[in-house]
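Visitor: got a sequence here, can you model it:
(chains A, B, C and D)
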There are 4 protein chains.
Amino acid sequence: MTLAPIDRFIGETSFYVRYAETDAMGIVHHASYILYFEEGRTNYARQRGHDYASFERSGLYLTVTEISARYVKPAVYGQKLTVRCWIREIKSRGLKFEYEIIDADTGALHVTGFTKHICISKDGHVASIPAAWRAWGA
Amino acid sequence: MTLAPIDRFIGETSFYVRYAETDAMGIVHHASYILYFEEGRTNYARQRGHDYASFERSGLYLTVTEISARYVKPAVYGQKLTVRCWIREIKSRGLKFEYEIIDADTGALHVTGFTKHICISKDGHVASIPAAWRAWGA
Amino acid sequence: MTLAPIDRFIGETSFYVRYAETDAMGIVHHASYILYFEEGRTNYARQRGHDYASFERSGLYLTVTEISARYVKPAVYGQKLTVRCWIREIKSRGLKFEYEIIDADTGALHVTGFTKHICISKDGHVASIPAAWRAWGA
Amino acid sequence: MTLAPIDRFIGETSFYVRYAETDAMGIVHHASYILYFEEGRTNYARQRGHDYASFERSGLYLTVTEISARYVKPAVYGQKLTVRCWIREIKSRGLKFEYEIIDADTGALHVTGFTKHICISKDGHVASIPAAWRAWGA
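Guide: From the prediction side, this is the model:
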C-alpha cells in the first residue's frame, strides 16, 4: 500500500494521535497532518545524523514555500500513526519532501503529501544548502 | 495584487494574528494558514446566509479531501490579515474553495491555496450537497 | 452572571469558535481557551491604546509564569464567544490578568481563569514594566 | 529536582518539542504544555493497562474541569522533554492529576501543574468512574 520510493532513505516516525489534534467530526483535524509532516521531516534529519535545531543555530532556515496534502482515510484519537518521508529532489537552494502517513500497525494509508522548502539566512536572503545537508539527497 | 475572480461572490474575513500561531522563526507557522482557510470558508457560508454548524446538525459534513498552499510572504504577530475565498467549482457531491490571504491594510499577498471537499453523511457515505448550498456556486 | 469587577477597565473581544479548536467530544478543547485568554489580553492592550507587538519590538516581553482556568460549561463550534479580561494587580515587574469567557449573545458563563506575567528583556532578565503600561492598572 | 511523590505510580512520557509548538519568543508557547499534560495522562492510562480511547467507546468521558500550570523555565524547539504525571486524588466521580515537565536528559524542571476531571456519560450527566479505573489511585 505504500507509495514510498525504494531507491532512497525513508525516515519513519511513529506517535499516538493526541486528543487536541481531533475535531468535532470525531477524527483528526486536517491541519494536524501538516504538523505530522513537520514531525516527520524533523525526525528524518535526526535519523540522517543532522539536527534541524542546530541547523537553525548556524543561522539558516529551511522555510516552507508550498504544501500539499491528500486525505485518503480519517484517523482517530489514540491511533498509532507512522509518518514516512523522503526527499524527492534537492537543489542548491531548495528541496522537496514527500510524505505518507499510515497506520503504524496495519499500514493502511491515511494521508499523502509534499512540502517544498527554500534555504534562507537569518536576514531573509536565499542561501545555499550546506553540502552536509545536500548529501541527504544522495 | 489580488488573484480573486471577478465573476462570483468573494467572502472576506479579517482578524489579527494570534501569538500562538507564530513560531520560533518569528513568523506565522505555515500550518496556521490552514486554520485561516477554514475560518475564511466558515465565514463565507455565514456571509451567504448559511451556517456550517447547522449544516452539520442536519447530518451532513463537507470533509476535506485535499489542501494546497503556497507561501509568498511571511506574516507576523499582531498583523491584521484578510482571508478572501470563493468557490471555484461545485458539483453534486463535492466542491473546491480557493483562497488568498492578504494584509488587511496594504493588500500585500501572503498566501494562496485551495481546499477540496466532499459531502458525506454522518455514517460516512458520500451524499449530495443540498440545493440551497449548491446555489453558492451560482 | 459576570464575575468582572466594576471598578476598572474591562477589555472585550468577540469571535467565533473555529472548527480546529474543537475536539472529538464535539466541544471546544480545553487548551483552546488558553489561546482565547491570550487573544483577550492582546486586544485589551489594543483597546487601551497599546500594541503588544510594538512592546516586543521595544525589546520587552510579558512572559507567562502561571495560568489557571476553570471550565464551567462547554462551548461548541460556530458559537460566538466573548472574552472579558481585566488587570487584577500590576506591580513594577509583573501583573495578573483575570478572564471570563461568556456566550456573546446570552452572556452564559463558560470559563474563568487568570494568567500571571513577568516583564523580561530580550536577554532574559527581569525588567521593569514601562510607566505607560503600568498606567493600565489605574 | 523532581516534585513527584514516591508512594504511587508515576507515568512517564518523552517526546521532542515540535516547531509548531514554539512561538515568536523562540520558546515553547505556554498553551503547548497543556497539550503535553494531556499526552502525559493519556500515556499514564496506557502504562497502567487502560486505554482512554476504549474508555470513551464505553460511553464515558473524563472531562476537564480545571487546569493550572506554573512556568519555571522555558523549553525550546527540538528539546526532548519528559512529562511525569500521577494521580493525586481519585473519588467516585472525579480525579486530580499532577504533572511535572522536565528535560529528558538533564532532569531540569520546566513546568508543573495539575488538572481536575469529572466523569460524565455521553448524555452529559455526571457518572461514576468504573472500578477498574478507580484502582489507579491505589
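Visitor: from here on, just use CA atoms for contacts and neighbour counts.
Guide: Fine.
Visitor: quick one: contacts of the helix ranked longest in chain A?
Guide: For chain A, the longest helix by residue count, based on DSSP state H, is helix A:32-47. With contacts defined as C-alpha atoms under 8 Å, 6 or more residues apart in numbering or on different chains, helix A:32-47 is touched by A:10-13, A:21-22, A:51-52, A:69, A:83-86, A:97, A:99, A:111, B:31, D:18-20.
Visitor: repeat that for stretch A:57-68.
Guide: Counting by C-alpha under 8 Å, 6+ apart, A:55, A:94, A:113-122, A:127, B:30, B:66-72 sit against stretch A:57-68.
Visitor: the longest helix of chain A to helix B:32-47, inter-axis angle?
Guide: 180 degrees (axes from the mean of the first three to the mean of the last three C-alpha atoms, to 10 degrees).
Visitor: and the helix or strand just after helix A:32-47, what's its mean pLDDT?
Guide: Scanning forward in sequence from helix A:32-47 by DSSP states H and E, the next helix or strand is helix A:52-57. Across helix A:52-57, pLDDT averages out at 89.
Visitor: report the buried residues of helix A:52-57.
Guide: Neighbour counts over helix A:52-57 (16 or more other C-alpha atoms under 10 Å in any protein chain shown) mark A:52-53 as buried.
Visitor: centre of the chain versus it, how much separation?
Guide: Centroid separation for helix A:52-57 versus its chain: 16 Å, with C-alpha atoms, centre = their mean, to the nearest Å.
Visitor: kindly export that helix (C-alpha atoms) in CSV.
Guide: Only the C-alpha atoms of helix A:52-57 are listed here, as CSV (Å, rounded to 0.1, in the frame of the first residue of the first chain):
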residue,chain,number,x,y,z
TYR,A,52,17.4,20.9,12.4
ALA,A,53,17.7,22.9,15.7
SER,A,54,21.5,23.1,15.2
PHE,A,55,20.9,24.0,11.6
GLU,A,56,18.9,27.0,12.7
ARG,A,57,21.5,27.9,15.3
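Visitor: so which bits of chain A are right by chain D?
Guide: Contact residues (C-alpha under 8 Å from any C-alpha of the partner chain) of chain A with chain D: A:18-20, A:35, A:38-39, A:52-53, A:77-78.
Visitor: switch to 7 Å and redo it
Guide: Residues of chain A lying near chain D by C-alpha under 7 Å from any C-alpha of the partner chain: A:18, A:20, A:35, A:39, A:53, A:77-78.
Visitor: where does confidence bottom out across those residues?
Guide: A:Ala53 (89).
Visitor: tell me who's in contact with it.
Guide: D:77-78 (C-alpha atoms under 7 Å, 6 or more residues apart in numbering or on different chains).
Visitor: how about the strands in chain A?
Guide: With strands called from DSSP state E, chain A shows them at A:11-16, A:60-71, A:80-90, A:94-103, A:109-121.
Visitor: buried residues in the shortest one?
Guide: The neighbour-count check on strand A:11-16 (16+ other C-alpha under 10 Å) flags A:11-14, A:16 as buried.
Visitor: relative orientation of it and helix A:32-47 in degrees?
Guide: Using the same axes, to 10 degrees: strand A:11-16 against helix A:32-47 is 130 degrees.
Visitor: mind giving me the packing neighbours of strand A:11-16?
Guide: helix A:32-47, strand A:80-90 (3 or more C-alpha pairs under 7 Å, 6 or more residues apart in numbering or on different chains; DSSP states H and E).
Visitor: let's go with 6 Å and repeat that
Guide: Secondary-structure packing of strand A:11-16 (3 or more C-alpha pairs under 6 Å, 6 or more residues apart in numbering or on different chains; DSSP states H and E): strand A:80-90.
Visitor: which strands or helices does the strand it packs on pack on?
Guide: strand A:11-16, strand A:94-103.
Visitor: who touches the last one?
Guide: Among residues not part of strand A:94-103, those counted as contacts by C-alpha atoms under 6 Å, 6 or more residues apart in numbering or on different chains are A:81-89, A:108-119.
Visitor: residue contacts, the spatially closest residue to A:Ile67 that is not a sequence neighbour?
Guide: Of all residues not flanking A:Ile67 in the chain, A:Thr115 sits nearest, at 4.4 Å (C-alpha to C-alpha, 6 or more residues apart in numbering or on different chains). Neighbouring residues of A:Thr115 by C-alpha under 6 Å, 6+ apart: A:66-67, A:96-97.
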